[in-house]
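> this one's structure only:
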């Protein structure tokens, strides 16, 4: 009798072997991640306090969401965070990359390791540290301002209506720029030396080299930095939980925290699920756009 | 008819619960899981001692006590009560947003039968019983079954630093005008009179309420909090209080940068002598007495508009001990609650500088100490029926609305008029949904 | 090869490096100070290097418990996720089978969708399974998330293993299972190392799972312990700093030792 083999890299292995290899991982992932993802969509169509029988309400949670003032503020805040999580870190990192490339840097590993450190830390530690840094009475920031004679610059920081959001945002910039920088340095190291040599012969200055050689060569790293930092900006949770809990007013409210409060403090589970679905859709849509953009750019080259 | 039904339901539930409880208690070791709010060092010690003594008196019983901060409790209690192995005994925040929601979902056990068995009602004043009562469907606050028993009395007032008072030549005010004059005096001496930190949002509620209580009366507040007010929040008195609060901010009565200071930091700074006064709840008494000596700090109530006139102060009780409806150890849990309400518990709390809900033996109180001040204030409040409510109990969303709005008000993002309108909108929405 | 004109470059680098690490340096210094010293000046060195804050955080503030929980969670997650990712990586990298693309896409979904999006149903599902308030509630979903990345990551390494090596092993009568462990594992080992470091950091720092799925104090992991500790003792800055240091130390150590692998993982994994 002929045994049926599937055409593969390794003829001679029955494809059931592959399924056996995948099965355990798929089971755990399926039960504890994938199934809950699907369930979220279902939950979002119900009104449910998490305890009684859920009531099917169709899309009414989404209609409520559309009219939810706090959700709107939260979403806008997440968009503002894109500035701090994505734009600033990428700009700073590109600027540093421009300086660092084309020169041999002694101790590059050392700098790279140090700059990357914030990215390794638990966001709770980061939040706790910065909440203390911003403490208006005994925190280092105001103390520093006093030390250098800038008394009038002292502020309530996290409690200040105008500054709270930027103050939290700056923490994001601080965490992300090292990540972007390391990404870009890795990218630059792949650029062929001849390109620069040729440019030099053409008399291109450093700025032109950056603009015409380094930047285009880094586009795939820039795309990656954009996707990952954008996702971080849109899903901020730990940091807000630890530093401001959405206060003052709702100045630092973000979508994830609004979701958390609805689900676990106000017992509006179905509604919170509709927030989750909306958030996920936005994240997937933006990631998709950036990936498409990257593809198009690459095709043009 | 409805009452009879309720009675039958309760009886049925009790009968259903009883055999399993007695069976499990008789045969094997029982672990009683308790969540309480005694997270600060001094309170924690008292609660630990009591739990230990309970274990000694009940062989085979282990008390698994978890101390949690208010935020922690608020975030996890609902989930835990719904779970089959959640805590048996848990301290629940009174009011609609927490206790009301749990009652509505059938998560809390009706304590009325136990209250009769152990005589808890005699230890609590009628007003306090009302605050822990809901109808069985959770719809009406202030009447019906008893769902929680609070161990400690609580009131909001002014803690003051005796040394600073002496240095600045200040005396305890007897009218609201005198109080404001006192605040002015301190400002003139170059210090912010009230140590305040509102980063967490909720401390502002107490400050606002203390001003508000100078303008409103008992009937209004009762009606408002128990969800039967026809006038809502948009009243001239509430507006006046909001204007006064903004006025206090302008005059520099509060710690500079209070918007950015957390509550725990603020009382730490008060204990460190950053300012002469702090408006907060008596729950800090143990911690403050522990930091200084017995007479480092004193306490007085925010005075009324005219001397001697009764003025309400926010207060009442600590969070109330409740029992998870699905607990298999309900009887034991009730016994534990009774243990927390015992004379021995009262004695330990007094020794640690806290006021138990039941009357305090006068021989234990020393005049001129922080604790003496607190007991006097509490006695006065009870005698004058002047224990006010936490207004954030009014609707399920009121806490979130008022914390955000007060921060906006104090930062002048909104006007006092907009402030009362915002809160009124929340209140009216709730009334409409009832 | 040191040139004077490079000094500005180094100054700039130092500046950004300082910004990156100064908060941690202050925290570590603070952890050795007394409360009184804090009020005097944040930037002064501690007078006496005292370990009492660490002792207190460790014993009285339950950081020993949190530490234990973190270890109990992180080790099974690392071992199981790595083992499972080797299997899936080998399947996707070296074998062909029906629905391969579809299955791979399903795993990719797990990388793209944020945790926040499914934490609510996960909670109720854990409740139904009776796993709430157990270490399983932290371990199993974490493995679920990790294997998504692991599949994606290892698949590339397995695909790059030279064909002849595997063929040779087959001639020797090896099964796919045998070839995976004896022939391919040594070749993909650098990828495994990177993955281990990433799994460690992610699991060690996880906050949301621990926040929602575990309410018992003794099951709490370090990040959660620290977050609630802040709520209770924020005024005791040295103690808080000691706690923060204890939470960070293991990840910093792992990071410093394996930073080569870590950076490669984050940049490499992302660029693909």
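Sure, I can see it. Since we're looking at a predicted model, the values are computed, not measured.
> Just name the shakiest helix or strand of chain C by mean pLDDT.
Lowest on mean pLDDT, DSSP states H and E among the helices and strands of chain C sits helix C:35-40, with a mean of 64.
> cool, chain A as well?
Comparing helices and strands within chain A by mean pLDDT, DSSP H and E singles out helix A:206-209 as the least confident, with a mean of 77.
> Contacts made by whatever helix or strand comes next after that helix with the rest, please.
Next along the chain after helix A:206-209, taking DSSP states H and E as the criterion, comes helix A:215-217. Under the criterion Cβ atoms under 8 Å, 6 or more residues apart in numbering or on different chains, residues A:94, A:187, A:188, A:190, A:191, A:195, A:222, A:301 lie in contact with helix A:215-217. Just so you know, the C-beta spots here come from the backbone N, C-alpha and C atoms, and that holds for glycine as well.
> If we check chain C, which of those residues are in contact?
Of the entries in these, the ones placed beside chain C under the rule of Cβ under 8 Å from any Cβ of the partner chain are residue A:187.
> and of the contacts of helix A:215-217, the nearest to chain C?
Distances from chain C to the contacts of helix A:215-217, taken as Cβ to the nearest Cβ, are shortest for residue A:187 (7.7 Å).
> so how far is residue A:223 from the closest one?
Using Cβ to Cβ, to the nearest Å, residue A:187 is found at 11 Å from residue A:223.
> Mind giving me the ChimeraX command for buried ones among the contacts of helix A:215-217?
For selection in ChimeraX, the members of those meeting the burial criterion (16 or more other Cβ atoms under 10 Å in any protein chain shown) are listed in this command:
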select /A:94,187,188,191,222
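> Using CSV, lay out the contacts of helix A:215-217 together with secondary structure and pLDDT.
Putting the contacts of helix A:215-217 into CSV (DSSP: H, G, I helix; E, B strand; the rest coil; pLDDT from 0 to 100) gives the following:
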residue, secondary structure, pLDDT
A:94, helix, 90
A:187, helix, 82
A:188, helix, 82
A:190, coil, 76
A:191, coil, 78
A:195, helix, 80
A:222, helix, 89
A:301, coil, 60
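> Figure out the helix or strand that residue B:32 lives in.
With secondary structure defined by DSSP H and E, residue B:32 is part of strand B:30-36.
> Show the subsequent helix or strand relative to that strand.
In the C-terminal direction from strand B:30-36 (assignment by DSSP H and E), the next one is helix B:41-57.
> picking that back up, got any residues that touch both of residue A:187 and residue A:223?
Between them, residue A:187 and residue A:223 share no contacting residue, judged by Cβ under 8 Å, 6+ apart.
> Pop out the phi and psi values for residue B:341.
Summarising the backbone geometry of residue B:341 under the convention degrees, to the nearest 10, its torsions are phi -100, psi 10.
> right, I mislabeled it, should have said residue A:292
In terms of degrees, to the nearest 10, the main-chain angles of residue A:292 are phi -60, psi -40.
> of the contacts of helix A:215-217, closest to residue B:192?
Checking the contacts of helix A:215-217 against residue B:192 with Cβ to Cβ, the nearest one is residue A:94 at 45.8 Å.
> contacting residues around that closest one?
A:180, A:184, A:215, A:218, A:222.
> now the second one: how far from chain C?
In this view, residue A:184 and chain C are 9 Å apart by Cβ to the nearest Cβ, to the nearest Å.
> count of residues packed around that residue?
The number of residues packed around residue A:184, counting by other Cβ atoms under 10 Å in any protein chain shown, is 25.
> That one reaches residue A:93, doesn't it?
Yes: with contacts counted by Cβ atoms under 8 Å, residue A:184 reaches residue A:93, the gap being 5.4 Å.
> Find the residue at the geometric middle of the chain.
Picked chain A for this. For chain A, the residue sitting closest to the mean C-alpha position, by Cα atoms, centre = their mean, is residue A:232 at 1.7 Å.
> meant chain C, my bad for not saying
For chain C, residue C:201 is the residue whose C-alpha lies nearest the centre (Cα atoms, centre = their mean; 1.3 Å).
> and it, that's in a helix?
Yes: for residue C:201, which was evaluated using DSSP: H, G, I helix; E, B strand; the rest coil, the result is membership in a helix.
> Ignoring the adjacent residues along the chain, who's closest to residue 252?
As the question left the chain open, I've gone with chain A. Nearest residue to residue A:252, sequence neighbours excluded (Cβ to Cβ, 6 or more residues apart in numbering or on different chains): residue A:244, at 4.4 Å.
> That was the other one, I meant chain B.
Closest residue to residue B:252 in three dimensions, ignoring its sequence neighbours and counting by Cβ to Cβ, 6+ apart: residue B:187, at 5.4 Å.
> Can you name every helix or strand that the helix or strand that the one you found is a member of contacts?
Assigning secondary structure by DSSP H and E places residue B:187 in helix B:176-188. Helix B:176-188 is packed against no helix or strand, with contacts defined by 3 or more Cβ pairs under 8 Å, 6 or more residues apart in numbering or on different chains; DSSP states H and E.
> helix, strand or coil for residue A:198?
helix.
> separation between it and residue A:191?
Residue A:198 sits at a distance of 12 Å from residue A:191 (criterion: Cβ to Cβ).
> Check residue B:143 too.
Distance of residue B:143 to residue A:191, given as Cβ to Cβ: 77 Å.
> which residues of the stretch 51-200 of chain A fall in strands?
Defined through DSSP state E, counting those that start in this stretch, the strands belonging to the stretch 51-200 of chain A, from first to last, are A:55-56.
> contacting residues around residue B:253?
Under the criterion of Cβ under 8 Å, 6+ apart, the contact list for residue B:253 reads B:183, B:187, B:192, B:193, B:194.
> you'd agree the last one is up against residue B:255?
What that stands for is residue B:194. Yes: counting by Cβ under 8 Å, residue B:194 touches residue B:255, with 7.1 Å between them.
> joint contacts of the two?
Taking Cβ under 8 Å, 6+ apart as the contact rule, the neighbours common to residue B:194 and residue B:255 are residue B:275.
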